[in-house]
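Asker: Provided below for reference: sequence and predicted model.
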Amino acid sequence: MDKPNPVDDYWLMAIPLLICDDSSMARKQVARSLPEGWEVDITYATNGLEALVAIREGKAEMMFLDLTMPEMDGFEVLENIRKQDLNTVVIVISGDIQPVARERVMALGALDFIKKPVSPEKLMSTLEKFGLL
């Protein structure tokens, strides 16, 4: 009988995914929009401070991040991720669709920017575009 290969097991593990938004409804909407069968272990944060804690705890290999939140907004989260050299892939999902907001988050290291409310189709195409699915 072959021994299990831990490298092979890695691919079977769920991806630690953080959904950070101060709106409970928005968090649930993003979670419902995730591709069916995508192996993720979801953690939720209601503000940027909670998000940074979750990232440090290894609960956010990937994060969907809102921009407008109390305590610490999404821009500050991105700045802190960069300053602290935290390892997470960030896709911003926000209703703030001003071109300057998009430019700023991309300059701060976000992988992409999706307008709220996100559709399952848009989320899937974004994940596929970056090879995350």
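Answerer: Right, received. Where do you want to start? Residues are numbered from 1 along each chain as shown.
Asker: Can you name the element that comes right after whichever strand or helix holds Tyr44?
Answerer: Here Tyr44, judged by DSSP states H and E, is contained in strand 40-45. Counting by DSSP H and E, the next helix or strand C-terminal to strand 40-45 is helix 48-56.
Asker: From the contact counts, what lies against the helix or strand just after that next one?
Answerer: As assigned by DSSP H and E, the chain's next helix or strand after helix 48-56 is strand 62-65. On a contact count with 3 or more Cβ pairs under 8 Å, 6 or more residues apart in numbering; DSSP states H and E, strand 62-65 meets strand 15-20, helix 48-56, helix 74-83, strand 89-94. (C-beta placed from N, C-alpha, C; glycine too.)
Asker: Packing partners of the third one?
Answerer: The one in question is helix 74-83. With contacts taken as 3+ Cβ pairs under 8 Å, 6+ apart, helix 74-83 sits against helix 48-56, strand 62-65, strand 89-94, helix 99-107.
Asker: Which residue, other than its chain neighbours, is closest to the residue most central in space within the chain?
Answerer: For the chain, Met63 is the residue whose C-alpha lies nearest the centre (Cα atoms, centre = their mean; 1.5 Å). With Cβ to Cβ, 6 or more residues apart in numbering as the criterion, Met63 has its nearest non-adjacent residue at 4.2 Å, and that residue is Leu18.
Asker: How many residues are close by the one you found?
Answerer: By the criterion of other Cβ atoms under 10 Å, Leu18 has 24 neighbours.
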